[in-house]
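**Q** predicted model and sequence follow; I will ask about them next.
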Amino acid sequence: MTTAARRIIDTLAPHARRLDSARIADLVDADAARPHDFALRIGGLYASFARQRFDRDARDALVALGDAAALPQAFRALFDGAIVNTSENRPALHVALRSALSDTAIARDAHAQAAEARVRMAELVAQLEASDVTDIVNVGIGGSDLGPRLVVDALKDFGTGRFRVHFLTNVDGSDAQHRLARLDPAKTAAILVSKTFGTQETLLNGAVVRDWLGGSERLYAVSANVPRAEAFGVAPERVLPMWDWVGGRYSLWSAVGFSIALAVGMDGFEALLAGAADMDAHALQAPIGENLPLLHALTGVWNRNALGLATHAVLPYDERLALLPAYLQQLVMESLGKSITPDGEAVGIDTVPVLWGGPGTNSQHSFFQALHQGTQTVPADFIGVVNPAHPHADNHAALLSNLLAQTEALANGYSADDAQKSYPGNRPSTLLLLDRLDPRSLGALIALYEHSVYAQSVLWGINAFDQWGVELGKRIAGELMPAVQGDDVAVADPVTRALLDEIRARRAR
Ligand SMILES: O=P(O)(O)OC[C@H]1O[C@H](O)[C@H](O)[C@@H](O)[C@@H]1O
């Protein structure tokens, strides 16, 4: 077992045993100051951990765990551009895209390159604004899709209205077919976003879009591989840079966010970065016990390793954040879905929970039954917004009442004479409450999750910035493609061979 795993078990096991039969409702009853003392405010963001299943002593142990795992030092190393992504021998300097909180040459250089790229991006935004273009298609997948897609959707109240922004992602040709059907190629610009410019889906969809546009005049690219983008037919003046020191799932703050800037304007984009920078400064400087991302991370480790909870739900009570769970699935599960340390050792304890979720109140009418009465306890992050951006006050009151009601019901439960109508309760949740959803608060919210993920990776002793687990399937798909296309090539796996025979036999001629 690794030192990291041993530290977690040794620190948390006594408290897990002590609190084995503890109930959240009793913890709240026993500690009048808990609702306030287990909460903190960072600017326009309030977070309450009062409905987690730990008490003050366990919370102190979590803070001590963060200290023993040297979380503050790990954040300093991240911001300074240390090689935190050891398997790819790279720093992970997404923070340099929005903050200047380090004096190292590498971090300053990254920050300067990011600023320079933003100037070029602003010029391209201005050119497009002055053109006839009405529609933008962002072609990308994974980190080159989920972040921009989330932000454009979440900030629809802040859109300039100048462009309609669309996202083309899936290699399934029906995505291109339907996405492009209602657009006019003469008034559409496409941005091919790919860090590597080697991603099958994006290259195939990019080729479809390039042909559909009938030329490269309105074809743009964002990539860390500029030569490949140019070889694809994108004019050099329309290629914006990216760098290997930014992970795809941490990249929306770079030119990968070109579509965001087109949707909300450069001012909106800068405000998004400023919100992330607020959270960067907080994450780097606040003591562990008052540090929101670190407490969020430690709570995650408590739920995973002390309580053994295998999944985690993200439940935004705001329709504009409906895409947040999908975005976080990549951020969290690609970053923390590891069982081997950088030294090649098995971690020895559970790491990432399965992350899932959906917006409230919709999900109350679908999967909440299982949250309330299912056999598994699912810890959740509930996210609410105090001030809406619409005039429908009764709707908003109903939304907030439901949000409060659900966290209360999950924690406290209810006993009825009929066991089928009883609620076990004791289901933990964190509540994140934004004063309002705007570019700045959204930037802070996303950066909170980024930093929580990094802190969890440090606690578990794993690399948050690589994703070797996605490669095998890609390689096999590449090998199978000729067979699927009808070539007579040897396929070793007997089940795959039978499935291919079935596909070939059923295929319409
Ligand atoms: O931006 P790209 O190089 O096209 O990569 C797009 C995506 O592809 C990969 O499969 C990775 O798992 C993702 O982390 C990445 O975001």
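**A** Looks like it came in fine.
**Q** what separation is there between P236 and S87?
**A** 32 Å (CB to CB, to the nearest Å). Using the backbone N, CA and C atoms, a C-beta is placed for each residue, glycine as well.
**Q** typo on my end, D493
**A** To S87, D493 is 28 Å away according to CB to CB.
**Q** same check on L19?
**A** L19 is 37 Å from S87, by CB to CB.
**Q** okay, those two: which has more neighbours?
**A** Set side by side, L19 and S87 show more neighbours around L19, with 18 against 12, by other CB atoms under 10 Å.
**Q** looking at it, that one is touching A58, isn't it?
**A** Yes - counting by CB atoms under 8 Å, A58 is a contact partner of L19 at 6.2 Å.
**Q** how about the residues of this structure near the ligand?
**A** Residues of the chain lying near the ligand by CB under 6 Å from any ligand atom: 141-144, 194-196, 199, 202, 248-249, 334, 467, 470.
**Q** what's next to the strand or helix carrying A397, contact-wise?
**A** Per DSSP states H and E, A397 falls inside helix 393-412. Applying CB atoms under 8 Å, 6 or more residues apart in numbering, the contact partners of helix 393-412 are 24-25, 28, 51, 315, 317-318, 360-361, 364, 368, 371-372, 380, 382, 384, 386, 388, 390, 423, 425-429, 431.
**Q** go on, stretch 454-465?
**A** Contacts to stretch 454-465, defined as CB under 8 Å, 6+ apart, come from residues 2-5, 8, 65-66, 69-71, 74-75, 78, 84-88, 90, 92, 247, 250, 293-294, 296-298, 300-301, 335-336, 338, 340-342, 347, 349, 351, 453.
**Q** longest helix of the protein, counting residues only.
**A** Assignment by DSSP state H gives helix 258-285 as the longest helix of the chain.
**Q** using PDB, write down the CA coordinates of whatever helix or strand comes next after it.
**A** Next along the chain after helix 258-285, taking DSSP H and E as the criterion, comes helix 292-301. Output in PDB follows, covering the C-alpha atoms of helix 292-301 (Å, rounded to 0.1, in the frame of the first residue of the first chain):
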ATOM      1  CA  LEU A 292     -13.000  25.900  -0.200                       C
ATOM      2  CA  PRO A 293     -11.500  23.700  -2.900                       C
ATOM      3  CA  LEU A 294      -9.300  21.800  -0.300                       C
ATOM      4  CA  LEU A 295     -12.300  21.200   2.000                       C
ATOM      5  CA  HIS A 296     -14.300  20.100  -1.000                       C
ATOM      6  CA  ALA A 297     -11.500  17.600  -1.900                       C
ATOM      7  CA  LEU A 298     -11.100  16.400   1.600                       C
ATOM      8  CA  THR A 299     -14.900  15.800   1.900                       C
ATOM      9  CA  GLY A 300     -14.700  13.800  -1.300                       C
ATOM     10  CA  VAL A 301     -11.900  11.600   0.200                       C
END
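**Q** counting by contacts, list what helix 292-301 packs against.
**A** If you count contacts as 3 or more CB pairs under 8 Å, 6 or more residues apart in numbering; DSSP states H and E, helix 292-301 packs onto strand 39-42, strand 45-48, helix 56-68, helix 258-285, helix 439-460.
**Q** can we see that at 6 Å?
**A** When contacts are defined as 3 or more CB pairs under 6 Å, 6 or more residues apart in numbering; DSSP states H and E, helix 292-301 packs onto helix 56-68, helix 439-460.
**Q** next one: phi and psi at A313?
**A** phi -100, psi 140 (degrees, to the nearest 10).
**Q** ok, it to D132 distance?
**A** 45 Å.
**Q** those two: who's more crowded?
**A** A313 (23 against 10).
**Q** need the contact list for that one.
**A** W356, G357, V378, A380 (CB atoms under 6 Å, 6 or more residues apart in numbering).
**Q** and with 8 Å instead?
**A** Taking CB under 8 Å, 6+ apart, one finds P325, L355, W356, G357, L371, V378, P379, A380, D381 in contact with A313.
**Q** in JSON lines, list these along with secondary structure, pLDDT and neighbour count.
**A** Formatted as JSON lines, the contacts of A313 follow (DSSP: H, G, I helix; E, B strand; the rest coil; pLDDT from 0 to 100; neighbours: other CB atoms under 10 Å):
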{"residue": "P325", "secondary structure": "helix", "pLDDT": "98", "neighbour count": "21"}
{"residue": "L355", "secondary structure": "strand", "pLDDT": "98", "neighbour count": "20"}
{"residue": "W356", "secondary structure": "strand", "pLDDT": "98", "neighbour count": "19"}
{"residue": "G357", "secondary structure": "strand", "pLDDT": "98", "neighbour count": "24"}
{"residue": "L371", "secondary structure": "helix", "pLDDT": "98", "neighbour count": "21"}
{"residue": "V378", "secondary structure": "coil", "pLDDT": "98", "neighbour count": "24"}
{"residue": "P379", "secondary structure": "coil", "pLDDT": "98", "neighbour count": "24"}
{"residue": "A380", "secondary structure": "strand", "pLDDT": "98", "neighbour count": "23"}
{"residue": "D381", "secondary structure": "strand", "pLDDT": "98", "neighbour count": "24"}
